[in-house]
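[1] Only the shape, not the letters, is given here:
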């Protein structure tokens, strides 16, 4: 899940990823949350492309299951993924819909934590409350995607459009 758009009076401004990360860092360093429209599918189904996410400044402690915004160690690219393991050297972070975890991410690369997700103007809570621990555990094992898509396949006929 990456962020590339800033909404300004309903207009979308595209920015290069590095500039976007720099802008987010500057805003978060002032203690102000940063809100933007997410792009990509690596955090599906909990964060979807087009959802509006709010990143809060990094708390004193990042926990297992938190969804964080960070600069990728392999190129400074801004990414929003879930913490699936906490170690002495940093964090193992993985997209809920990604087959592989990101490289070890040192705490210094974490810009903030996802504080809110909105879809079509309504708050999305699933995946960010206490269940974030179960989601992180299943994601780390590689089971989350299979479980979610299997459940969706059976539930889809009953979902109102």
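    Yep, it's here. No experiment lies behind these values; they were computed from the predicted model shown.

[2] Kindly provide the whole-number mean pLDDT of stretch 99-111.
    Average pLDDT, stretch 99-111: 87.

[3] and if you look at stretch 116-135?
    The model assigns stretch 116-135 a mean pLDDT of 80.

[4] For the protein, which segments count as helices?
    17-29, 132-141, 144-155 (DSSP state H).

[5] And residue 78, how far from residue 131?
    25 Å (Cβ to Cβ, to the nearest Å). For every residue, glycine as well, the C-beta is placed using N, CA and C.

[6] Could you identify which of the helices of the chain is most buried?
    helix 132-141 (a mean of 18; mean count of other Cβ atoms under 10 Å).

[7] so where is the protein shaky, pLDDT-wise?
    The chain contains residues with pLDDT under 70 at 1-14, 76, 126-129, 145-146, 148-149, 151-153, 155-156, 159-161.

[8] Quick check: bridge partners of the residue positioned nearest the centre of it?
    When Cα atoms, centre = their mean is applied to the chain, the residue found nearest the centroid is residue 80 (3.3 Å). With DSSP bridges as the criterion, residue 80 is bridged to residue 69.

[9] Would you confirm that it contacts residue 43?
    Yes: if you go by Cβ atoms under 8 Å, residue 80 and residue 43 touch, sitting 6.4 Å apart.

[10] Might you report the residue contacts of residue 116?
    With contacts defined as Cβ atoms under 8 Å, 6 or more residues apart in numbering, residue 116 is in contact with 53-54, 123.

[11] measure the residue nearest to residue 119 when sequence neighbours are not counted to residue 72 for me?
    Distances taken as Cβ to Cβ, 6 or more residues apart in numbering put residue 51 closest to residue 119, at 5.0 Å, once the chain neighbours are dropped. Residue 51 sits 20 Å away from residue 72, going by Cβ to Cβ.
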